[in-house]
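**Q** this is the structure alone, sequence omitted:
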Ligand SMILES: Cc1cc2nc3c(=O)[nH]c(=O)nc-3n(C[C@H](O)[C@H](O)[C@H](O)COP(=O)(O)OP(=O)(O)OC[C@H]3O[C@@H](n4cnc5c(N)ncnc54)[C@H](O)[C@@H]3O)c2cc1C
């Protein structure tokens, strides 16, 4: 078995070396370097070749079954693939809510027909999905959502509004929570999939403090959705929604490990300088960075254990809340330290030297980490209740 894995590692490395274009081995510098696929993608050099090569082997979704466009790899092989990609500095070939959120829910709750229709297209990056959960009066209290889907025989008629729908204006399809029974809260929600080009769907971007506008208000006005687009059972969408949220929180927690701390160390060395014995010259920053380094390594070890437990089906269902809470705290601290080390130079908003204010924009974006996918307060409530079993929680 170990020998098989060693062979797999050697073959994987050789294949990556031969097929990963040089441009795709550079660190991600801006949003443009991230490939989301979809019907109308704008590819940077090397992006499409890299995505197609990986999709051809099922390696955009290495652990999904081959029948649905995946690689059919075991958890151990998947881990090796990721390790080898990291070693060579290969970029993620495809970023996608379809992969990290909807796919797992489709695999668990989808009919065979739904799996065959949607999963291969997600794996090949042909369809870009967005998430229609939050509404103006239903964020943390998500089950209070009001967008309605009326049964019209062969279709549902959807009316209502969503908010904070990330990339809704660029997405091709939406996975959407709708109310199909008004007499009960959680028990009256269903989970629908539909094309954003369906008549009656419109979006309006919301401008952020970072200067970007990645998310939208989304409106549904008499949108006809075929009955076959219901995922899971009628009025049982809350189960699908919670399962998907676990995967979303796991994905967001990955920010805790993002890019190691190399750029932080480099910035601190360049800006603050070193003492004669090679220590960072600012003792306060040095202490903060040491503490941060210890916490990142502990989180890295915890993430690895969690992923192993998850693949083996032994993870506690509330564990993604722990990971999400801590991973996002770490990412915020990483960016705070970066700004502390870099000083006013990094606050520059628009210039070639600052790459369009990349560091300042990234720092501001981290402020949303503890809100998106469920706020930190809500994660702490879940941890208190479901993991620590605290009285009154
Ligand atoms: C960058 C970003 C991207 C997002 N993308 C999407 C998306 O693609 N699709 C989508 O559907 N949604 C998306 N969201 C929305 C996100 O899921 C909600 O913002 C989040 O669930 C919080 O809801 P809210 O904004 O309504 O805040 P509220 O629920 O109004 O919360 C306000 C404050 O009150 C606290 N609070 C609320 N209830 C409790 C409680 N019971 N106990 C303790 N404290 C509480 C909260 O923690 C928070 O601090 C995104 C949000 C962000 C920031």
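**A** Arrived safely, thanks for sending. The structure displayed is predicted, hence computed values, not measured ones. Numbering: from 1, shown residues only.
**Q** mind checking how far stretch 230-240 is from the chain centre?
**A** On the basis of CA atoms, centre = their mean, to the nearest Å, stretch 230-240 sits 22 Å off its chain's mean C-alpha point.
**Q** buried residues, it. List them.
**A** Buried residues in stretch 230-240, counted by 16 or more other CB atoms under 10 Å: 230, 231, 232, 234, 236, 237, 238, 239, 240. Any C-beta I mention is one placed from the backbone N, CA and C, and that applies to glycine too.
**Q** ok now the helix or strand residue 306 falls within, how far from the chain's centre?
**A** For residue 306, the host element (DSSP states H and E) is helix 283-311. Put simply, helix 283-311 sits 20 Å off its chain's centre (CA atoms, centre = their mean).
**Q** and this structure, which residues reach the ligand?
**A** Applying CB under 6 Å from any ligand atom, we find that the chain lies next to the ligand at 130-134, 139-140, 164-166, 215, 368, 371-375, 377-378, 381.
**Q** which of these fall in helices?
**A** 377, 378, 381 (DSSP state H).
**Q** quick one: buried ones out of the residues you listed?
**A** Buried among those (16+ other CB under 10 Å): 378, 381.
**Q** take the ones in helices among the residues of the chain next to the ligand and write them to a markdown table, including pLDDT.
**A** Formatted as a markdown table, those follow (pLDDT from 0 to 100):
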| residue | pLDDT |
| --- | --- |
| 377 | 97 |
| 378 | 96 |
| 381 | 96 |
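**Q** could you pull out the strands for the chain?
**A** 129-132, 148-151, 155-166, 173-179, 189-195, 201-206, 215-226, 230-231 (DSSP state E).
**Q** ok, so of the ones in helices among the residues of the chain next to the ligand, who is nearest residue 61?
**A** residue 378 (28.7 Å; CB to CB).
**Q** so what sits opposite the closest residue to the ligand within the stretch 201-350 of the chain in the bridge?
**A** Among the residues of the stretch 201-350 of the chain, residue 215 lies nearest to the ligand; the distance is 5.4 Å by CB to the nearest ligand atom. Beta-bridge pairing for residue 215 (DSSP bridges): residue 166, residue 206.
**Q** list the residues that contact it.
**A** Applying CB atoms under 8 Å, 6 or more residues apart in numbering to residue 215 gives the contacts 164, 165, 166, 167, 168, 205, 206, 208.
**Q** that one and residue 170, how far apart?
**A** 10 Å (CB to CB, to the nearest Å).
**Q** what do you get for residue 104?
**A** Residue 104 is 22 Å from residue 170, by CB to CB.
**Q** cool, and residue 131?
**A** From residue 131 to residue 170 the distance is 13 Å (CB to CB).
**Q** equivalent analysis for residue 83, please.
**A** 32 Å.
**Q** now do the contacts for residue 30.
**A** 355, 356, 358.
**Q** just the pLDDT at it, thanks.
**A** In this model, residue 30 is scored at 78, pLDDT.
**Q** next, count neighbours for residue 384.
**A** 16 (other CB atoms under 10 Å).
**Q** settle this for me: it is touching residue 390, isn't it.
**A** Yes: contact criterion CB atoms under 8 Å: residue 384 and residue 390 qualify, at 4.6 Å.
**Q** for the ligand, give me its nearest residue in the protein.
**A** residue 139 (1.7 Å).
**Q** can I see the domain layout of the protein?
**A** 1-95, 129-237, 255-387 (the TED database).
**Q** need the winner for burial among these.
**A** domain 129-237 (a mean of 18; mean count of other CB atoms under 10 Å).
**Q** how far out from the middle of the chain is that one?
**A** Using CA atoms, centre = their mean, the offset of domain 129-237 from its chain centre is 19 Å.
**Q** what's the end-to-end length of that domain?
**A** Using CA to CA, to the nearest Å, the end-to-end distance of domain 129-237 comes out at 18 Å.
**Q** just give the nearest non-adjacent residue to residue 150, would you?
**A** Nearest non-adjacent residue to residue 150, counting by CB to CB, 6 or more residues apart in numbering: residue 157, 4.5 Å away.
**Q** my guess is the one you found meets residue 178, correct?
**A** No: when contacts are counted by CB under 8 Å, residue 157 is not listed as touching residue 178 (10.2 Å).
**Q** thinking again about what came up before, what residues are up against the residue of the chain closest to the ligand?
**A** Contacts of residue 139 (CB under 8 Å, 6+ apart): 164, 375.
**Q** which phi and psi does it have?
**A** phi -110, psi -90 (degrees, to the nearest 10).
**Q** give me the pLDDT for it.
**A** 96.
**Q** quick one, what contacts residue 122?
**A** 61, 69, 96, 98, 99, 102, 103, 129.
**Q** isn't residue 9 right up against residue 79?
**A** No: the criterion here is CB under 8 Å, and residue 9 misses it with residue 79 at 10.1 Å.
**Q** most remote residue from the middle of this protein, which is it?
**A** Relative to the centre of the chain, the most outlying C-alpha is that of residue 276, 42.7 Å out, by CA atoms, centre = their mean.
**Q** can you tell me how far it is from residue 392?
**A** Counting by CB to CB, the gap from residue 276 to residue 392 is 56 Å.
**Q** what of residue 244?
**A** Residue 244 is 29 Å from residue 392, by CB to CB.
**Q** more neighbours: the two, which one.
**A** More neighbours surround residue 244 than the other of residue 244 and residue 392, with 27 against 5 (other CB under 10 Å).
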